[in-house]
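Engineer: here are the coordinates; sequence isn't available:
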């Protein structure tokens, strides 16, 4: 496989090789692709967890396992907590 990089990325890879972080440009690009794969896997795991949480929430609603929430009161409490954290 032959790849072309825009000049700024090419210079970035060359600088990583020049400072000894990677033995070659190929190694640097391989590491970048490996990290991209890890990032994609993590995003997929988070998406699947979110789907499970949504399904559980829908099931709870359908089974009547819900309670009313006073949104304005809850928002005021969250804002107060955030303000308290910011002051410490």
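Structural biologist: Alright, I've got the coordinates. For clarity, every value in this text was computed on a predicted model and none was experimentally measured.
Engineer: list the buried ones in stretch 32-40?
Structural biologist: The neighbour-count check on stretch 32-40 (16 or more other Cβ atoms under 10 Å) flags nothing as buried. The C-beta positions use only the backbone N, C-alpha and C, and glycine is treated the same way.
Engineer: going forward can the numbers begin at 467, since that is how I track them
Structural biologist: Shifting the count to begin at 467 puts that one at stretch 498-506.
Engineer: and the pLDDT at the residue of the chain most remote from its centre?
Structural biologist: Using Cα atoms, centre = their mean, the residue of the chain lying farthest from its centre is residue 530. It sits 32.7 Å away. Looking at residue 530, its pLDDT stands at 94.
Engineer: report the contact partners of it.
Structural biologist: Residues counted as contacts of residue 530 (Cβ atoms under 8 Å, 6 or more residues apart in numbering): none.
Engineer: same check on residue 497?
Structural biologist: Counted by Cβ under 8 Å, 6+ apart, residue 497 has contacts residue 488.
Engineer: in the protein, where is pLDDT below threshold?
Structural biologist: By pLDDT under 70, the chain has no low-scoring segment.
Engineer: residue 492 is in what secondary structure piece?
Structural biologist: For residue 492, the host element (DSSP states H and E) is helix 491-528.
Engineer: pull up the gap between residue 479 and residue 529, please.
Structural biologist: 54 Å (Cβ to Cβ, to the nearest Å).
Engineer: more crowded one of those two?
Structural biologist: More neighbours surround residue 479 than the other of residue 479 and residue 529, with 19 against 8 (other Cβ atoms under 10 Å).
Engineer: helix, strand, or coil at that one?
Structural biologist: At residue 479, secondary structure determined by DSSP: H, G, I helix; E, B strand; the rest coil is helix.
Engineer: ok, it touching residue 491?
Structural biologist: Yes - applying Cβ atoms under 8 Å, one finds residue 479 in contact with residue 491, separated by 5.1 Å.
Engineer: tell me the secondary structure at residue 486.
Structural biologist: What three-state DSSP gives for residue 486 is coil.
Engineer: please apply the same query to the one 3 residues further on.
Structural biologist: Residue 489 carries the three-state label coil when classified by three-state DSSP.
Engineer: list the contacts for it?
Structural biologist: residue 483.
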